[in-house]
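# Sequence plus predicted model, see below.
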Amino acid sequence: MTQYSKRMVIVHWLTLALLIVAWYLGHELDEARHEAGATLFGYVMHALVGGTVLLLTILRLYFRSKDGTPPAMGDTLLDKVAKGVHHGLYAVLILLSASGVMTVVASSVGKALQAGDATLLPKKFSGVFAHDIHEWLVTVLILVVVVHLLGAIKHQFITKDGLMERMSLRRKD
């Protein structure tokens, strides 16, 4: 195997797109919350996109177990770091979803959603540990994604070893 399976490639890129949407929605919710303009729809959309990211992450792990993965390009320290970065991405994506759910449960967001009353939405999340963790994990995710991107850029433009082709929808003959 020289490439990831087609379904793993699709899930990879779809996850990236949805992560960008989830981040944007979360950022907009945070801004709106500070201006007392957050909406139930905003929270629902953020949660739906986040839940979809979790589902795609679980699917990707399942596909990895069924389809396998291309062999590592080498056995250097950087190859081991790359493997750790991938495992870290999976862990952070799962923990982000869990902390998001816990934020809803531990704050007035859950009550507002149940009642259908946006006036119950929190102005602040002070004292909601799950929300603090959720925001911290977003920062960790951004850092891990940047390291992932730097590795991809290194392989594409410095090493020029064709590694990026493994995550392409174009199939080698």
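Received, thanks.
# next helix or strand past the helix or strand containing His12?
Per DSSP states H and E: His12 is located in helix 6-34. Next in sequence after helix 6-34, counting helices and strands by DSSP H and E, comes helix 40-67.
# when you compare where whichever helix or strand comes after that following helix runs with where helix 40-67 runs, what's the angle?
Proceeding N to C from helix 40-67, the next assigned helix or strand is helix 77-106, under DSSP H and E. Going by axes from the mean of the first three to the mean of the last three C-alpha atoms, to 10 degrees, helix 77-106 is angled at 140 degrees with respect to helix 40-67.
# contact partners of the helix or strand just after helix 77-106?
Counting by DSSP H and E, the element after helix 77-106 in chain order, helix or strand, is helix 108-115. Residues outside helix 108-115 that contact it (C-beta atoms under 8 Å, 6 or more residues apart in numbering) are Leu40, Tyr43, Val44, Thr103, Val104, Ala118, Thr119, Leu120, Leu121, Pro122. (Each C-beta comes from the backbone N, C-alpha and C, glycine too.)
# Count the neighbours of the third one for me.
Using other C-beta atoms under 10 Å, Val44 has 12 other residues around it.
# same check, this time on Ile94
16.
# that older thread, on contacts alone, who are the packing partners of the helix holding His12?
helix 40-67, helix 129-153 (3 or more C-beta pairs under 8 Å, 6 or more residues apart in numbering; DSSP states H and E).
# any low-confidence regions in this protein?
1, 173 (pLDDT under 70).
# let's see 90
Along the chain, segments meeting pLDDT under 90 span 1-2, 34-36, 71-75, 79, 123, 126, 161-164, 170-173.
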